[in-house]
Structures are given as C-alpha cells and as structure tokens.
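Asks: Curious how this folds, go ahead:
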Amino acid sequence: MPATPCAQLLLCLMSVSARLGLGRYVEDNEASDGLYSLLSLEQKRGSEDLLFRRPLRCLDMLATDGYFTFVASRPQLACAAFIIAEPSEVISLELSDVSIDCSAGDFIKMFDGWVLKGEKFPSSQDHQLPVHQRYTDYCSSTGPGAKSRSSQNVAMVFFRIQSPDSGFTLLVKKLHNPFPCNVMSQSPEGSFTMVIPHQRRNCSFSIIYPVELRLTELSLGQAKSNELSPQRQVWSGCSGSGDYVELLGGNGVDTSKMFPVADLCFSLSGLAQMKIGCDNSVVRLVSSGNYINRVSFQYRLLEHNELPRSRENSLDNFCTVE
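Replies: Just a heads-up that it's a prediction; the model follows:
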C-alpha cells in the first residue's frame with residue numbers, strides 16, 4: 001500500500017531527526033507500529049461537528065485541525081511537534097490545560113516555521129520577522145494560555161516536561177492565505193504558482209526531496225526594461241536586478257546556506273527544467289516590490305536511477321544523496 005504524502009514527509013523528517021538526535025526521545029513501544037496509522041488518521045476528517053482529538057507524541061507531525069493532548073509518562077527532555085498545512089494555508093496554535101513547572105526548567109515554545117538540523121525555514125533572509133519574534137514562549141506569556149499564528153504553512157512546537165502526569169493541550173487550526181509565501185511541500189510531486197503583488201519580500205517553495213523542476217511560466221515586472229537578456233544574466237548574475245528567481249539545492253532547509261543551481265531574471269513562457277539531486281530543492285522568488293512577479297512550476301521525485309552520478313569538479317553534483 002503506497003504511503004501518503006504526509007507519511008513520506010514524516011519518514012524524511014524522522015531520518016533528519018535521527019541524525020539530529022531527536023529520534024531517541026520517541027517512545028519505543030509506540031513509534032514503530034503507530035506512525036503510519038497515525039498519519040492515515042491525520043488525513044481523515046469525520047462527519048462530526050467537533051474537532052478531531054488525539055494524544056500528542058514526543059516526536060510528532062500534525063497535518064489536520066484538532067486538539068492534541070500530551071501527558072508525560074516519564075521525563076521528556078527534548079520533544080518537538082511539526083505542524084504542516086496546505087500551501088494556501090497558515091496555522092493558528094493555541095495552548096490550554098497547561099500543567100508544567102516553568103521554574104523547574106519545563107517549557108513549551110511555539111515557533112513560526114520549522115527548525116531542522118539547527119537550520120530554520122523560512123530563513124532569516126526570507127522571513128519578515130526577526131528570529132526572536134518568531135518564538136512564542138508559554139513560560140513568558142502573561143495570560144493563562146498562549147497563542148501563535150504562522151506566516152506560512154508550517155509551524156513547530158518545542159517542549160520539555162520533566163514531571164509525570166504533567167502536560168498540555170494544543171489546538172491547531174488552519175486559516176486561508178490568499179498569497180502563499182515560503183511554502184514547505186507536503187508531497188514530492190505537484191505544481192505551484194507563487195505570486196508577489198508589489199511587495200518587497202522573498203518567497204521560497206521548499207521540497208525535501210531530490211526532484212526534477214520544470215518552470216512553465218516566469219513573469220518578472222510589467223515593463224520591458226525589467227527583462228534582462230539571457231546573455232547578461234549568464235555573465236553578471238541576477239542579484240543586482242532586484243527581481244529574479246533562484247533554483248537552489250542543499251541538504252539543509254536554510255536557503256541562505258544552499259547552493260545556487262541557477263538564476264533567472266528575464267521573463268519566459270517556455271519550458272525550463274533541471275534535476276536537483278539534493279535532500280532539499282527550492283524555487284525562490286525575490287521581489288523588489290516594484291512589480292507583480294509570478295513563477296509557475298512543476299516538480300516530481302527523481303527515481304533512484306535518475307540521481308546524478310558523482311563527477312569530479314561538476315557543479316551538477318554538489319549534493320550527496322544517500
């Protein structure tokens with residue numbers, strides 16, 4: 001039976017988390033036999049009017065609205081819940097029924113984005129808030145609970161709870177986002193269009209898989225003077241143009257630390273495609289705010305026999321894929 005996109009994504013995250021060291025905090029008797037069925041349930045919405053409810057695990061991934069309750073059976077020192085929505089949604093988080101001891105070192109922190117291997121998505125260059133404003137700390141909040149709203153389709157909750165029977169309930173709600181920016185893909189294949197309407201900002205579409213990217217449309221600006229010739233783009237690069245698209249590859253999630261595969265700063269309506277054999281492939285749209293910029297693309301997972309072969313001094317093979 002084929003795995004759901006969220007199951008595939010969780011397996012990818014578990015592999016990353018194992019290298020990070022988070023995997024050892026997952027309950028041994030629950031993780032191996034419950035993760036796939038857990039994510040299968042995440043994709044089902046019942047006919048009841050009440051929101052979905054289930055327990056929250058120390059290392060977990062949430063892909064639907066609902067109430068998720070964590071109760072510690074023993075000290076849990078490094079737990080994380082990854083929350084993901086559709087590309088056109090943002091995420092609202094709210095804590096309730098919290099029983100932790102902040103003075104003893106317990107904490108619950110909500111983060112606007114994801115943190116993997118010490119890297120943040122979206123990167124500081126692509127997020128409109130400084131890093132310290134992207135955290136919401138329950139222990140520093142003045143009210144009985146704490147709320148957070150993401151700027152994109154991913155959010156995260158970190159928590160440490162040392163006393164048995166202590167815990168909390170997390171309410172997850174998805175909200176419509178008319179202009180999605182900084183998207184983490186749930187699936188290794190699909191299509192998407194990013195639009196930046198007269199805003200000075202950067203938007204990244206991140207795919208945590210090696211993929212083939214096909215750009216089907218690129219519209220940068222509304223004036224001819226904004227369209228640079230391919231010859232100029234090849235020799236001088238696009239960073240000085242103010243409006244351009246980057247294709248990036250790397251083994252982390254911070255776009256500022258990824259390898260630039262290609263950049264485009266002239267409009268095109270034909271097909272441009274490239275294979276990126278990295279753990280993470282990104283389409284990044286940079287906008288000066290002077291124009292309405294738009295990029296449309298398709299992507300699909302590379303088969304094992306399509307992964308680039310290592311060749312010395314080749315820029316096509318800068319990533320190592322296991």
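
Asks: Can you check the pLDDT for Gln273?
Replies: With respect to pLDDT, Gln273 scores 86.

Asks: To clarify, my last question referred to Arg53.
Replies: pLDDT at Arg53 comes out at 95.

Asks: neighbours around it, how many?
Replies: 10 (other CB atoms under 10 Å). Just so you know, the C-beta spots here come from the backbone N, C-alpha and C atoms, and that holds for glycine as well.

Asks: Pairing-wise in the sheet, spell out the partners of it.
Replies: Tyr67 (DSSP bridges).

Asks: check contacts around it.
Replies: Residues near Arg53 by CB atoms under 8 Å, 6 or more residues apart in numbering: 66-69.

Asks: Please apply the same query to Ser163.
Replies: Counted by CB under 8 Å, 6+ apart, Ser163 has contacts 72, 75, 100-101, 104, 106.

Asks: what about 7 Å?
Replies: 72, 101 (CB atoms under 7 Å, 6 or more residues apart in numbering).

Asks: Tell me which stretches of this protein form helices.
Replies: 5-20, 28-42, 230-236 (DSSP state H).

Asks: ranking the ones you listed by mean pLDDT, which is last?
Replies: Among these, helix 230-236 scores lowest, at a mean of 37.

Asks: Check what pLDDT Cys265 gets.
Replies: 82.

Asks: For it, give its distance to Asp101.
Replies: According to CB to CB, to the nearest Å, Cys265 stands 54 Å off from Asp101.

Asks: neighbour count winner among those two?
Replies: Cys265 (26 against 13).

Asks: from memory the more buried one sits against Glu246, does it?
Replies: No: counting by CB atoms under 7 Å, Glu246 is not a contact partner of Cys265; they are 9.8 Å apart.

Asks: Look up which residues are beta-bridged to Phe205.
Replies: Assigned bridge partners for Phe205, using DSSP bridges, are Val183, Val283.

Asks: since we're on it, how many residues are nearby?
Replies: A count of neighbours around Phe205, defined by other CB under 10 Å, yields 23.

Asks: same deal with Asn305?
Replies: 5.

Asks: what's the answer for Ser256, then?
Replies: 13.

Asks: isn't it right up against Ser123?
Replies: Yes: using CB under 7 Å, Ser256 is in contact with Ser123, at 4.7 Å.

Asks: Overlap in contacts, these two.
Replies: With CB under 7 Å, 6+ apart, Ser256 and Ser123 have no common neighbours.

Asks: need the contact list for the nearest residue to Arg74 once chain neighbours are set aside.
Replies: Spatial nearest neighbour of Arg74, chain neighbours left out: Pro164 (6.0 Å); criterion: CB to CB, 6 or more residues apart in numbering. Listed by CB under 7 Å, 6+ apart, the contact partners of Pro164 are 72-74.

Asks: From the residues you listed, list the buried ones, please.
Replies: When the contacts of Pro164 are checked for burial by 16 or more other CB atoms under 10 Å, the buried set is Ala72.

Asks: Now the contacts of Pro164 in a markdown table, please, with extra columns for distance to Met184 and pLDDT.
Replies: Listed next are the contacts of Pro164 as a markdown table, based on distance: CB to CB, whole Å; pLDDT from 0 to 100:
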| residue | distance to Met184 | pLDDT |
| --- | --- | --- |
| Ala72 | 28 | 96 |
| Ser73 | 31 | 94 |
| Arg74 | 31 | 94 |
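
Asks: how about the contacts of Pro164 in CSV, adding distance to Val211?
Replies: CSV is the format used below for these (distance: CB to CB, whole Å):
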residue, distance to Val211
Ala72, 39
Ser73, 40
Arg74, 40
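
Asks: out of the contacts of Pro164, who's nearest Gly240?
Replies: Nearest to Gly240 out of these is Ala72 (CB to CB; 53.3 Å).

Asks: burial count for the closest residue to that closest one other than its chain neighbours?
Replies: Among residues not flanking Ala72 along the chain, Ile161 sits closest, at 4.5 Å (CB to CB, 6+ apart). If you count neighbours by other CB under 10 Å, Ile161 ends up with 27.

Asks: do the same with Ser96
Replies: 13.

Asks: again with Pro75
Replies: The burial count for Pro75: 12, using other CB under 10 Å.

Asks: Please tell me I have it right and it contacts Gln162.
Replies: Yes: Pro75 lies in contact with Gln162 (CB under 7 Å); the separation is 4.5 Å.

Asks: Please pick the buried ones from the contacts of Arg53.
Replies: 66-68.

Asks: quick one: which of those residues is nearest to Ser88?
Replies: Nearest member of those to Ser88, counting by CB to CB, is Gly66, at 19.4 Å.

Asks: residues contacting the closest one?
Replies: Counting by CB under 7 Å, 6+ apart, Gly66 has contacts 51-54, 172.
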